[in-house]
Structures are given as C-alpha cells and as structure tokens.
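In: Task: produce atomic coordinates for the following.
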Amino acid sequence: INKNLADFFGLKDSDEAIGKTDFDFFSNEHARLAFEDEKRIIDTGEPLVGVEEKETWPDGSITWASTTKMPLKDEKGEIIGTFGISRDITLQKNAEESLRKKDIMVTKLAENVPGVIYQFQYFPDRKTCFPYASEGISAIFGVTPDSVKTDASPVFDVIHPDDLMPVFQSIREAYQNLAIWKFEFRAITPENGTRWLTGEAKPEKQPDDSVLWYGYIHDITEKKESERKVESAFQRIRHIMNSVQAGIILVRKNDCMIVDSNPAVEKITGLKQHQFLNKKCNTFFCPALEGNCPAIDLGQHIENSERRIKHADGKLIPILKNVVEIEIEGEIYLLESFVDISKQKEAEEQMIEAKMQAESANKAKSEFLANMSHEIRTPMNSILGFSEVMLNTVKDEKQIGYLKTILNSGKTLLSLINDILDLSKIEAGKMEISPTPTDLKVLINEIRDIFRQKVKEKNIDLFVETDSIFPGSVFIDEIRMRQIVLNIVGNAV
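Out: Here you go, the predicted structure:
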C-alpha cells in the first residue's frame with residue numbers, strides 16, 4: 001500500500017500492512033465483498049473499474065471510495081493477484097446527498113405553497129417560457145409544467161382579455177429595467193371560471209441577454225372579494241360618520257393605523273385627512289407613546305372620558321371621547337368619536353375662579369365681623385361691669401330698676417354679639433373651645449333670672465330643678481355652654 005493509505009489505516013509504515021488482509025482493516029461485510037471481487041478478477045481476468053464502495057466505521061462514521069481493481073500478472077502473463085487504486089469520494093457523495101435532500105425539500109415546499117412557484121424567461125426576441133414551474137400551475141392556469149417549459153403561450157391564453165396587454169406591458173417594462181415584476185390580473189379557466197391572481201418575481205440577467213425571473217403567483221379572489229365587502233362596509237360607515245358633528249376616526253386595531261375619518265376631525269384638529277390617513281394614531285392625535293395606547297395596550301374602557309388630542313399647532317385640546325370596537329369582515333377596528341370641550345373647560349375655569357373670589361370675599365367678611373364683634377364686646381363688658389358695681393352701691397329702688405334694665409339689656413346684647421363672634425369665627429376657621437371649671441348651677445340660675453321678666457309677661461312658669469348628686473363644678477367651655485342653654489330656653493320661652 002502507499003503512504004496515504006497507510007496513514008488512513010493509522011500505520012506508521014507501509015510495510016506494516018504486508019501479510020494482512022482487508023479483514024484486518026475493514027468491517028467483515030466490506031472485507032467479504034472485496035474478497036469476492038478480487039477472486040472474480042483473478043478467476044476471470046476482468047478488471048473492476050470505478051466501483052463506489054461505502055464503508056461504515058466502528059465510530060459510526062461513513063466514508064465512500066471510488067475503486068478500480070486490475071488483475072496482477074507475472075512476466076509470463078499469469079494472474080497472480082490484483083492491484084488497484086481507491087479514491088476518497090466522501091465529500092462528493094455527501095454533496096450529492098445534500099443536493100438530493102434539497103431537491104426533495106424544494107419539491108415538497110412547492111407542493112404545499114398555495115399557487116405556483118416558477119422560473120419565467122423572457123428573451124430579446126420576445127419569446128417566453130417557464131423553465132420550471134411547480135405542480136400548482138395546473139390549479140392556477142389549468143396547464144401542466146411540461147406544456148409551458150419551452151413556450152409560455154398556454155398561460156397567456158387564459159389571461160382575461162382586458163388584462164392581457166397590461167400584463168405584457170408590465171413584463172416588458174420589468175425586462176427593460178431589470179426590475180422586480182409585480183402585478184395583479186385575472187385568469188379564466190373552465191375549471192375555476194374568472195379568478196384574481198397576483199404575482200411577484202425577482203430578475204436575473206442571463207448571458208444571452210434574456211432575463212430569468214424567480215417568483216410565485218397565487219389566487220387572491222377571496223381577498224379581492226373581502227376588500228370589496230370591506231369597502232362597501234366602509235362606505236356605509238362613512239355615510240354615518242359624515243352626518244354627525246363629532247369628530248370620528250376609524251383605527252385598525254392590530255397596527256393602530258387610521259383608515260378613515262369624517263370632516264369634523266379636520267375642523268377640530270386643523271389637519272387635512274391626507275396628512276394622517278394610513279398613519280399611526282399616536283403620531284398625530286393621541287399624546288400617548290407607542291405601546292401605551294389606553295384602549296389597546298392598557299385595556300382602558302373609554303366612555304365619555306375627558307382626554308386630550310393634538311392640534312396642528314402643537315396644542316393639546318380637551319375632548320370628551322368614546323371608543324368602541326367594531327368588526328368589519330373579520331377585522332377589528334376602533335371607532336373613536338370625540339367632541340371639543342374647550343369652551344366648556346374655559347367656562348368651568350371661570351366658575352372656579354368666581355367661586356374662589358366669592359369664598360375669599362366671604363372669608364374677608366367673616367374676619368371683619370370677628371374683629372368688629374371682638375371690638376364691640378370689650379366696651380360692652382365694661383358697661384356690664386360698671387352696672388353691676390353701681391347696682392351694689394345705689395339704694396334708690398327706681399335707680400336700681402334702671403340699672404337692672406341696663407344690666408339685662410347689656411347681657412342680651414352681649415349674647416347676640418357672642419353669637420355673631422362665634423359664627424364669624426366658624427366661617428373664618430378660628431373657632432376654639434376653651435374648657436374651664438364651671439359651676440353649672442350658677443350658670444343655669446343666671447339664665448333663669450335673664451328670662452324671669454319675659455316668663456312673667458307671658459304668664460308661664462320656668463322651673464329649675466337640680467339633682468342632689470349633681471357635681472358642683474364641671475370642666476366645660478362656660479361661654480359655649482351658656483350660649484347653648486340660652487338658645488334652648490330662649491326658643492322655649
């Protein structure tokens with residue numbers, strides 16, 4: 001054996017192989033087949049040329065070799081053995097297997113792709129053909145792949161008469177500009193009737209100046225019918241939208257695209273429809289960032305909700321907004337309606353300002369009354385004090401009566417002043433409670449004396465009864481308690 005084979009077998013030297021057989025280096029199956037081949041060559045003298053041999057090694061790896069074996073003769077011409085040459089073709093076989101698998105995969109993919117996958121070739125003399133077309137061409141055009149391999153006429157024969165010339169023109173332009181071909185057209189076949197088709201293909205210039213396109217064509221009849229129904233539904237919705245004064249926009253939910261609007265939107269926002277149609281709604285109207293749509297991303301229920309909308313000048317306009325989901329031919333849309341409430345908000349702000357001014361004026365009045373009541377109360381206490389002092393020093397009964405009248409009237413006036421002072425303090429937020437030890441018996445008897453004359457005039461009785469265990473002193477606010485009892489007795493009398 002040569003050095004390369006010795007290295008392949010893991011031998012240090014070619015001489016190590018002398019005296020060994022294939023059974024020492026290969027699997028039993030491989031060695032047995034090799035032995036039979038060599039025996040046949042020796043017996044028949046016929047060589048074995050270019051035989052591909054597969055070998056699976058103990059580690060699971062597979063190798064391939066192309067082997068040629070010849071009879072080995074001595075100088076007398078007698079066959080004494082064999083000799084041969086083996087060439088490793090593992091890479092070649094692996095590449096062939098990979099191509100085979102890819103061919104199978106492409107075929108299976110083409111069989112499962114709706115429509116037809118094809119190669120279309122256009123020559124300078126305007127000759128056309130489909131060098132390759134998947135089996136789907138039968139369902140689309142009613143022809144077989146073989147029938148159009150050298151001539152594309154059977155396909156053009158079934159194109160709708162109104163679309164035939166436009167199709168030819170589109171192909172010619174794509175050829176001249178080496179451009180992607182993309183077109184929608186109709187085909188008429190006995191099996192399917194009239195169907196809408198769409199095709200797209202990428203060009204590749206060929207050495208003979210022809211152009212080879214790689215592309216696909218598929219049926220879009222249902223899509224076209226759906227589009228017709230959607231447009232019809234949009235027309236009905238548009239008629240309703242245009243009849244109302246509120247701004248209305250129709251937004252496709254899955255991508256937030258504005259697909260329609262009514263004239264009121266232009267009036268409210270200052271934008272023209274062509275500026276925002278087929279644009280994302282947050283780009284022009286909604287101030288929310290993308291991914292934070294209140295209705296779509298955050299799941300908020302928007303009904304008579306105060307929101308803001310962008311104006312063309314950049315200002316945010318207050319609006320009252322409603323959003324409802326509607327379904328049009330299986331597609332979900334958001335029907336958003338809104339009215340401008342700028343004037344209402346301005347009126348609300350004016351009312352709030354007026355209310356604040358009124359409250360401020362009322363507070364000033366209360367503070368004024370509180371201060372004035374306090375100023376009047378001080379001299380009144382002096383009058384009452386001096387009246388009591390004079391009452392203890394004067395002996396004349398007539399003068400005593402006058403002093404009592406002054407004292408009682410002063411106390412009544414002081415009570416009214418206290419009421420005004422307390423009311424003003426409450427309104428001014430200055431009301432305070434000051435508890436002190438108070439003899440309730442004395443307080444109640446004084447109130448009885450105040451009403452003695454009035455009770456006598458009305459010819460009614462006023463009784464004061466005190467429980468024997470009633471405490472002598474109670475910790476309360478004497479002034480507030482006096483006011484309460486005075487009001488209760490006064491109301492009763």
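In: which stretches of the stretch 101-250 of the chain form helices?
Out: 137-141, 153-156, 161-177, 221-242 (DSSP state H, counting those that start in this stretch).
In: out of these, which comes closest to residue 7?
Out: helix 137-141 (53.7 Å; CB to CB). Every residue, glycine included, has its C-beta placed from N, CA and C.
In: residues in contact with that closest one?
Out: With CB atoms under 8 Å, 6 or more residues apart in numbering as the test, helix 137-141 has contacts from 115-116, 118, 130, 143-145, 148, 154-155, 158, 187, 189, 192, 197, 217-219.
In: change it to 7 Å
Out: Applying CB atoms under 7 Å, 6 or more residues apart in numbering, the external contacts of helix 137-141 come out as 115-116, 118, 143-145, 155, 158, 187, 189, 197, 217, 219.
In: So which of these sit within strands?
Out: 116, 118, 187, 189, 197, 217, 219 (DSSP state E).
In: I'd like the contacts of helix 137-141 written out as TSV, with distance to residue 35 and pLDDT added.
Out: Output for those, formatted as TSV (distance: CB to CB, whole Å; pLDDT from 0 to 100):
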residue	distance to residue 35	pLDDT
115	56	88
116	54	91
118	53	93
143	56	95
144	51	94
145	48	92
155	59	96
158	64	96
187	64	96
189	63	93
197	63	96
217	58	95
219	62	93
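In: residue ranges with poor pLDDT in the chain?
Out: Scanning the chain for pLDDT under 70 picks out the ranges 1, 106-112, 287-292, 294-299, 366, 369-375, 377-378, 415-416, 419-432.
In: hmm, try it at 90
Out: 1-39, 41-42, 48-67, 72-115, 134-136, 139, 191-192, 222-436, 438-493 (pLDDT under 90).
In: Return the list of helices and strands in contact with the helix ranked longest in it.
Out: Assignment by DSSP state H gives helix 342-393 as the longest helix of the chain. For helix 342-393, the packing partners by 3 or more CB pairs under 7 Å, 6 or more residues apart in numbering; DSSP states H and E come out as strand 316-328, helix 397-428.
In: That one vs strand 316-328, what angle?
Out: Relative orientation of helix 342-393 versus strand 316-328 (axes from the mean of the first three to the mean of the last three CA atoms, to 10 degrees): 130 degrees.
In: before we move on, back to that, just say which of the helices of the stretch 101-250 of the chain is most tucked in.
Out: Most buried of the helices of the stretch 101-250 of the chain, by mean neighbour count (mean count of other CB atoms under 10 Å): helix 137-141, with a mean of 21.
In: Just give me how far that helix sits from the chain centre.
Out: Centroid separation for helix 137-141 versus its chain: 41 Å, with CA atoms, centre = their mean, to the nearest Å.
In: can you check stretch 270-284 too?
Out: For stretch 270-284, the distance to the chain centre is 19 Å (CA atoms, centre = their mean).
In: Phi, psi for residue 258 please.
Out: phi -80, psi 120 (degrees, to the nearest 10).
In: I misspoke; the intended subject was residue 272.
Out: phi -90, psi 150.
In: what about the residue nearest to it when sequence neighbours are not counted, how many residues close to it?
Out: Spatially, and ignoring its direct neighbours in sequence, residue 272 is nearest to residue 266 (6.1 Å; CB to CB, 6 or more residues apart in numbering). Other residues within reach of residue 266, judged by other CB atoms under 10 Å, total 16.
In: Turn the helices and strands packed on helix 342-393 into CSV, including distance to residue 41 and mean neighbour count.
Out: As requested, those are exported to CSV (distance: least, CB to CB, whole Å; neighbours: other CB atoms under 10 Å):
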stretch, distance to residue 41, mean neighbour count
strand 316-328, 80, 16
helix 397-428, 128, 16
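In: now those as JSON lines including distance to residue 463?
Out: Converted to JSON lines, the helices and strands packed on helix 342-393 look like this (distance: least, CB to CB, whole Å):
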{"stretch": "strand 316-328", "distance to residue 463": "66"}
{"stretch": "helix 397-428", "distance to residue 463": "20"}
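In: Show me the one of these that comes nearest residue 224.
Out: strand 316-328 (16.0 Å).
In: before we move on, back to that, among the helices of the stretch 101-250 of the chain, which comes closest to residue 354?
Out: The nearest among those, by CB to CB, is helix 221-242 at 38.5 Å.
In: So what angle separates the directions of that closest one and strand 316-328?
Out: Using the same axes, to 10 degrees: helix 221-242 against strand 316-328 is 140 degrees.
In: Which other helices and strands does helix 221-242 contact?
Out: Right, helix 221-242 is packed against strand 193-205 by 3+ CB pairs under 7 Å, 6+ apart.
In: just the buried members of the ones in strands among the contacts of helix 137-141?
Out: 116, 118, 187, 197, 217, 219 (16 or more other CB atoms under 10 Å).
In: and which of the residues you listed is nearest to residue 58?
Out: Nearest to residue 58 among these, with distances taken as CB to CB, is residue 118, at 48.1 Å.
In: Just give the closest residue to the closest one, not the sequence neighbours.
Out: Residue 118 sits nearest to residue 133 (CB to CB, 6+ apart), 4.3 Å away.
In: I figured that neighbour hits residue 121, correct?
Out: No. Assessed by CB atoms under 7 Å, residue 133 is found out of contact with residue 121, at 11.4 Å.
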